[in-house]
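Participant: Here is a sequence with its predicted model. Questions after.
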Amino acid sequence: MRKPWLFQTLTLTLARPFSSSAPSTNVAVKKVTKSNFESSLSDLRARIKECDFVAVDLEMTGVTSAPWRESFEFDRSDVRYLKVKDSVEKFAIVQVGVCPFRWDSAKGSFVSHPHNFYVFPRKELQSKDSAYEFLCQTTSMNFLARHQFDFNAWIHEGISYLSRAQEAEALQKLSSSYEDRLSNSNPEEWVEIPTGSTSDLLFTERMKIRFQEWRDGIIRHPNGVCPLEENPDSKKLQFQTIFFKMRPAVQLNGFNSHQLKLIKLVLRKHVKDLVYVRTDDENSSPQNIVVYADSEQDKFSLMKEVKDDHQKSSEAKIESSVGFRHVIDILSSEKKLIIGHNCLLDIAHICCKFVGPLPLSMGDFASFVHKVFPYIVDTKHLISASNAIQYLMKKSSKSLSSAFSLLCPKISSASQSSASNSYVKVEVETNETCETGLSCWNSGAKHEAGYDAFMTGCVFAQACSLLGIKFETNSPTIDFTRNEKLQHHINLLYPSWNSGTVINLSTGVEAPELGYKRKYPTIVFSNIVLVWGFLSKLAPKDLKDCISKVFGADSVTSVFFLDSTAALVQFSKEEFVNDFLILKDTLEKNDDAIAVLHPLAKLLEGGNTRAAGYETYKEICGASASKVLFADQAEAIGIRWKTKIDRVNEEAKDVDEYSDVKQRNERKTDKEKSNHQISYDDVLSSLRASKPLCGKHVKNT
């Protein structure tokens with residue numbers, strides 16, 4: 001019998017911020033694994049239905065699969081999204097924190113229920129598909145270990161799951177597999193019994209005789225039990241007479257797959273009123289049964305019953321494999337306000353793992369997310385959007401722990417006695433025991449998903465108070481999604497910590513973030529060239545110097561190294577991009593003394609330097625390969641060429657730009673032309689000394 005839920009309440013007070021000291025308190029967070037998931041799900045469903053908002057947080061096995069896959073200011077929005085997509089598809093979720101918050105007008109406080117779910121992508125369905133694979137980033141795993149993450153609970157007790165897309169695919173495969181099985185059971189589609197092996201011939205003849213005799217016995221004695229004759233030398237009962245679907249039947253035991261195939265062929269060819277059926281018992285163990293059907297109509301009815309049973313059984317297995325996704329379905333169907341902190345990556349993980357594959361573009365992603373969760377608030381954006389909150393934050397870090405410490409410094413049960421109307425109070429409501437009689441409640445700690453979700457909800461509640469939202473006037477419930485003071489903050493998420501933009505999930509539009517201070521000069525993506533494969537000894541200043549000697553001291557505005565093998569170079573003019581690519585291509589085709597003397601020789605040293613426009617950077621970032629070095633990534637996706645030139649821009653260049661060179665070449669004799677395509681005048685021109693670079697700052701990581 002299930003024990004009654006005994007509740008205890010811990011009251012927490014979120015005071016007006018005045019100190020940066022971290023709060024110290026014990027917050028009970030419910031630990032949920034597969035052993036107590038079903039009972040916890042039932043309780044959580046009720047909590048979510050009655051709550052005003054739900055805070056969420058995730059812990060993952062990693063964030064970036066390579067240094068160059070980190071988010072940079074030089075990443076265009078589409079490239080930045082591809083990096084998020086890559087991270088979500090390669091790494092696994094280890095914990096999901098879910099914390100419903102409900103305003104209790106009688107108590108004048110929020111009541112919260114922190115849950116910490118361990119999730120593991122265990123393969124529950126038996127299929128030919130390979131097991132799930134994911135990457136682990138060593139820094140992330142070390143981070144989890146330092147914060148006492150329970151890896152045993154995660155692997156052995158983690159809750160498995162299927163996304164909506166995976167469930168639909170499994171149901172489709174189920175239907176197809178049964179249709180295949182049904183078609184293979186058609187007596188008109190038998191094939192000849194193999195005649196190459198003497199043992200096979202003896203076995204099939206023996207099976208034919210035994211099953212014919214058993215069938216004849218049933219016909220002679222329709223109301224009696226006619227056991228199939230056993231081999232007296234057999235140590236194991238191979239034929240067990242039973243009734244299946246109210247019909248005489250024989251269960252086959254101890255036969256290998258080849259022998260079962262021969263039995264099936266014998267029945268199809270020689271004993272057509274016996275039907276071979278493969279089904280599962282209560283423990284999902286396969287059972288091979290031969291059933292007597294007295295007519296074609298009876299045979300059809302039998303197969304339909306088997307199909308229905310198989311369908312119901314398989315659907316039940318698929319339903320039980322949905323696992324943790326039930327939590328996400330509840331959140332989505334209830335259309336509750338979802339609260340996260342810097343949560344775009346978290347939301348992307350949730351949608352990918354529990355809904356379906358992510359779309360290819362940020363705009364489609366925004367639409368995808370908006371259908372699943374129509375209302376989301378990012379507390380990092382919320383605290384950045386208010387001058388009053390920023391003043392209280394004292395320009396400190398906008399991390400969750402920092403915001404929690406500064407905005408909620410008096411979280412402690414003792415502070416309840418000194419609480420006043422200027423404070424937002426929070427209560428943590430728990431049940432004392434689980435069904436097993438053991439405690440499911442742990443003392444929450446930072447970087448545990450359940451506790452981080454609790455902190456996120458507290459920060460949101462305090463921020464709403466600072467924005468002037470009066471909870472007392474919203475008795476008994478609060479509809480945050482329609483609150484005028486919160487309207488301009490809903491569905492606005494940061495694409496990354498340094499993008500300088502905000503994405504509106506309602507419209508899919510990405511706009512600049514007000515007040516964002518860029519580390520680099522204004523970035524013009526059409527002015528950027530990607531260079532990779534150069535020697536690792538090349539420094540950012542060296543790269544800038546050798547290019548500036550050719551195109552002028554002010555030709556390069558910034559150089560950004562992705563890693564030791566690749567860099568993005570931004571020119572001051574768009575035409576310099578193609579000029580650089582054409583010049584590089586020409587020098588490499590003319591591998592002679594002129595090329596050796598050229599200022600770009602230092603960049604081209606080693607013979608493996610590649611270059612292209614920004615679209616190639618996007619192409620490489622969008623590839624699924626996982627190489628640590630950018631140059632290795634480019635090679636892994638099949639890039640073998642050295643220079644990719646935008647031929648459209650090349651042909652559109654003004655003909656006058658080349659007229660002088662053309663006239664000089666036309667006046668040359670055959671001897672002067674030699675085998676070179678570039679004149680010595682061109683070399684001297686390209687070797688001109690650049691102006692001093694004093695005071696010019698080279699941007700790099």
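Facilitator: Yes, it's here.
Participant: quick one: contacts for residue 119?
Facilitator: Contact analysis of residue 119 by Cβ atoms under 8 Å, 6 or more residues apart in numbering lists 93-96, 158-161, 323-324. Yep, even glycine has a C-beta here, placed from its N, CA and C like the rest.
Participant: And for residue 263?
Facilitator: 207, 211, 252, 255, 276, 290.
Participant: which one of those residues sits closest to residue 358?
Facilitator: The closest of the contacts of residue 263 to residue 358 turns out to be residue 276 (Cβ to Cβ; 44.5 Å).
Participant: How is that closest one assigned, secondary-structure-wise?
Facilitator: Classification of residue 276 using DSSP: H, G, I helix; E, B strand; the rest coil returns strand.
Participant: what about it, neighbour count?
Facilitator: 19 (other Cβ atoms under 10 Å).
Participant: ok, it touching residue 292?
Facilitator: No: applying Cβ atoms under 8 Å, one finds residue 276 not in contact with residue 292, separated by 11.6 Å.
Participant: can you tell me how far residue 604 sits from residue 330?
Facilitator: 59 Å (Cβ to Cβ, to the nearest Å).
Participant: let me redo that: residue 404
Facilitator: Counting by Cβ to Cβ, the separation of residue 404 from residue 330 is 26 Å.
Participant: Looking at those two, which is more packed in?
Facilitator: residue 404 (24 against 18).
Participant: how about the more buried one, secondary structure?
Facilitator: helix.
Participant: Need the contacts of residue 263 in a markdown table (columns: pLDDT and distance to residue 243).
Facilitator: Shown next, in a markdown table, are the contacts of residue 263 (pLDDT from 0 to 100; distance: Cβ to Cβ, whole Å):
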| residue | pLDDT | distance to residue 243 |
| --- | --- | --- |
| 207 | 91 | 21 |
| 211 | 91 | 17 |
| 252 | 91 | 15 |
| 255 | 90 | 21 |
| 276 | 91 | 17 |
| 290 | 92 | 13 |
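Participant: among these, who's most crowded?
Facilitator: Per-residue neighbour counts (other Cβ under 10 Å) across the contacts of residue 263 peak at residue 290, which has 24 neighbours.
Participant: about what we covered before: of all the contacts of residue 263, which two lie farthest apart?
Facilitator: Top of the distance list for the contacts of residue 263 (Cβ to Cβ): 211 and 255, 13.1 Å.
Participant: tell me the domain ranges of the protein?
Facilitator: 25-162+332-512, 191-298, 525-694 (automatic domain parsing).
Participant: among those domains, which is nearest residue 170?
Facilitator: Nearest to residue 170, of all the domains of the chain, is domain 25-162+332-512, at 6.0 Å by Cβ to Cβ.
Participant: Poorly predicted segments of the stretch 601-701 of the chain, please.
Facilitator: 647-701 (pLDDT under 70).
Participant: Tell me who's in contact with residue 68.
Facilitator: Residue 68 touches 562-563, 566, 629-630, 633, counting by Cβ under 8 Å, 6+ apart.
Participant: any chance you could map the strands in the stretch 551-700 of the chain?
Facilitator: Along the stretch 551-700 of the chain, counting by DSSP state E, counting those that start in this stretch, strands occupy 556-563, 566-571, 610-613.
Participant: Generate CSV for those strands, with distance to residue 397 and mean neighbour count as supplementary columns.
Facilitator: Putting these into CSV (distance: least, Cβ to Cβ, whole Å; neighbours: other Cβ atoms under 10 Å) gives the following:
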stretch, distance to residue 397, mean neighbour count
strand 556-563, 24, 22
strand 566-571, 27, 24
strand 610-613, 36, 22
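Participant: Could you dump these into CSV and include distance to residue 77?
Facilitator: Output for those, formatted as CSV (distance: least, Cβ to Cβ, whole Å):
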stretch, distance to residue 77
strand 556-563, 17
strand 566-571, 15
strand 610-613, 17
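Participant: Buried residues, stretch 26-40. List them.
Facilitator: For stretch 26-40, the neighbour count (16 or more other Cβ atoms under 10 Å) marks 27-37, 39-40 as buried.
Participant: I'd like the average pLDDT over the longest helix along the chain.
Facilitator: If you go by DSSP state H, the chain has its longest helix at helix 296-321. Helix 296-321 comes out with an average pLDDT of 85.
Participant: With stretch 366-385 instead?
Facilitator: Mean predicted confidence for stretch 366-385 is 94.
Participant: Stretch 560-574 too?
Facilitator: 96.
Participant: which ones are touching the residue nearest to residue 485 when sequence neighbours are not counted?
Facilitator: Nearest residue to residue 485 in three dimensions, chain neighbours excluded: residue 467, at 5.1 Å (Cβ to Cβ, 6 or more residues apart in numbering). Shown in contact with residue 467 (Cβ under 8 Å, 6+ apart): 386, 388-389, 485-486.
Participant: now residue 467: how far from residue 445?
Facilitator: 29 Å.
Participant: packing partners for the host helix or strand of residue 156?
Facilitator: Here residue 156 is covered by helix 151-157, with elements defined by DSSP states H and E. Secondary structure elements in contact with helix 151-157, counted by 3 or more Cβ pairs under 8 Å, 6 or more residues apart in numbering; DSSP states H and E, are strand 115-118.
Participant: As PDB, could you dump the C-alpha coordinates of the helix or strand just after the strand it packs on?
Facilitator: Using DSSP H and E, the helix or strand that directly follows strand 115-118 along the chain is helix 138-146. C-alpha atoms of helix 138-146 as PDB (Å, rounded to 0.1, in the frame of the first residue of the first chain):
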ATOM      1  CA  THR A 138      37.100  15.900 -20.300                       C
ATOM      2  CA  THR A 139      36.800  19.300 -18.900                       C
ATOM      3  CA  SER A 140      33.000  18.800 -18.500                       C
ATOM      4  CA  MET A 141      33.400  15.400 -16.900                       C
ATOM      5  CA  ASN A 142      36.100  16.700 -14.500                       C
ATOM      6  CA  PHE A 143      33.700  19.600 -13.700                       C
ATOM      7  CA  LEU A 144      30.900  17.100 -12.800                       C
ATOM      8  CA  ALA A 145      33.300  15.000 -10.700                       C
ATOM      9  CA  ARG A 146      34.500  18.000  -8.700                       C
END
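Participant: buried sites along helix 138-146?
Facilitator: Quick answer for helix 138-146 (16+ other Cβ under 10 Å): 140, 144.
Participant: Need the residues that contact that helix.
Facilitator: The list of residues contacting helix 138-146 from outside it, by Cβ under 8 Å, 6+ apart, reads 59-63, 91, 94, 151, 447.
Participant: quick one: contacts for the residue lying closest to residue 50 once chain neighbours are set aside?
Facilitator: The shortest distance from residue 50 to any non-neighbouring residue, by Cβ to Cβ, 6+ apart, is to residue 102 (5.7 Å). By Cβ under 8 Å, 6+ apart, residue 102 lies in contact with 47, 50-52, 110-112, 477.
Participant: Work out for me the element the spatially most central residue of the chain sits within.
Facilitator: The centroid of the chain falls nearest to residue 88 when counting by Cα atoms, centre = their mean (2.8 Å). Using DSSP H and E, residue 88 falls within helix 77-90.
Participant: Follow the chain on from that helix and name the next helix or strand.
Facilitator: strand 93-104.
Participant: gap between that following strand and the chain center?
Facilitator: Relative to its chain's centre, strand 93-104 lies at 20 Å (Cα atoms, centre = their mean, to the nearest Å).
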